[in-house]
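Participant: Sequence first, then the predicted structure:
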Amino acid sequence: MTGRAARRWAIQAVLLLAVGGLFWLAFANASANLAARGIPTSFAFLNQVAGFSLNQSVIPFTPLSSYGRALLVGLINTLLVSALSAALATFIGFAAGFARLSRNWALARLAGFYVETIRNLPLLLQILFWYVAILSPLPPPDQSHHFAGFFLNNRGLSLPALSFANGWPAIDWPFFDAAVNRYNVEGGLRLPPEACALVLALSLYTGAYIAEIVRAGVNSVARGQSEAAAALGLSAGQTRSLVVRPQAMRVITPPLISQYLALTKNSSLAAFVGFADLMQVSGTILNQTGAALQVIAIDMALYLGLSLATLALMRWYERRLSWGGRA
């Protein structure tokens, strides 16, 4: 190792030690202040009984479950809402983006109206609109709107779900039978109105931004590429799939990743409509235990992990397609 390389390593080591020391001093100071005020500083509270119920839980949860399990339920709910919203936002965004490029004047203007309107309204306002104005007036379960195995009522949306109850994967279809339960739909996966409002708002809001990303990506492909493809005898469909799409996706993918990351973090607004996501559950635990430092640290670590996992998945997808000659 040369002298210059050794100095670089030494400077980096000193910098890392300095940053680590600052974090340790901050943690030690916070721990001392919390201990002086009788506020717990350990994570032992995670094993204590929660004592509250949740309006949405994919896994079994009762008030006798632990705080740690409550956090797990909140994390799963956040993942569920984020995954559903990302899928819907992608579909809406690509459809609206291509619609804006359509030669049909009415379709292009309608897509443009959607994009400009949704992007300029606060996301929280949209969540409250869907929850209060649209979903709250829905009929009771015995008068549900029923279509293709889906039930929509004032208890939420019940949809088919994958079940392993008998050891084999099967579709668990929702159903309503007054003799079994006259107050709710049985079977399937139920999303409460709070979750439905959140998914709708996140999907439409993020889809508006994805639409602009798609439009910019397609417009970035030179017109001469399509003309050359036509000269080679390719049809319009072949030109879009073999020439335009691969080049456009190279431009679309990086900002698309940013939208997925923003969507996951925006799901924390679920607390404003009372949906049991990670932030809402964490707030309840913090109020009951007073373990502010630990709960906030757990939330930061989990959201950071979700963001890094999303980024890694999209980077893997990008490498798999080998755009730009990268393996």
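Facilitator: That came through, no problem. Because the structure is predicted, anything quoted here is derived from the model rather than measured.
Participant: show me what contacts the residue nearest to residue 285 when sequence neighbours are not counted?
Facilitator: Leaving aside its chain neighbours, residue 285 sits nearest to residue 67 (5.2 Å; criterion: C-beta to C-beta, 6 or more residues apart in numbering). Any C-beta I mention is one placed from the backbone N, CA and C, and that applies to glycine too. Residues near residue 67 by C-beta atoms under 8 Å, 6 or more residues apart in numbering: 45, 46, 47, 48, 50, 285, 289.
Participant: Can you say which of the residues you listed are buried?
Facilitator: Buried subset of the contacts of residue 67 (neighbour count, 16 or more other C-beta atoms under 10 Å): 45, 46, 50, 285, 289.
Participant: Name all residues that make contact with the fourth one.
Facilitator: Contact analysis of residue 285 by C-beta under 8 Å, 6+ apart lists 45, 50, 67, 70, 71, 291, 295.
Participant: Sort out for me which of these are in helices.
Facilitator: 67, 70, 71, 295 (DSSP state H).
Participant: Next, count neighbours for the closest residue to the third one other than its chain neighbours.
Facilitator: So the one you mean is residue 71. Excluding the flanking residues, the one nearest residue 71 by C-beta to C-beta, 6+ apart is residue 281, at 6.1 Å. Look at residue 281: counted by other C-beta atoms under 10 Å, it has 27 neighbours.
Participant: and residue 281, what is it in contact with?
Facilitator: 54, 70, 71, 73, 74.
Participant: and it, what element?
Facilitator: According to DSSP states H and E, residue 281 maps onto helix 278-289.
Participant: Mind listing what's buried along that helix?
Facilitator: By 16+ other C-beta under 10 Å, the buried positions in helix 278-289 come out as 278, 279, 280, 281, 282, 284, 285, 286, 289.
Participant: go on, stretch 264-273?
Facilitator: Applying a neighbour-count criterion of 16+ other C-beta under 10 Å, one finds 264, 266, 267, 268, 269, 270, 271, 272, 273 buried in stretch 264-273.
Participant: Throw the residues you listed into a markdown table and include secondary structure, thanks.
Facilitator: Shown next, in a markdown table, are the buried residues of stretch 264-273 (DSSP: H, G, I helix; E, B strand; the rest coil):
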| residue | secondary structure |
| --- | --- |
| 264 | helix |
| 266 | helix |
| 267 | helix |
| 268 | helix |
| 269 | helix |
| 270 | helix |
| 271 | helix |
| 272 | helix |
| 273 | helix |
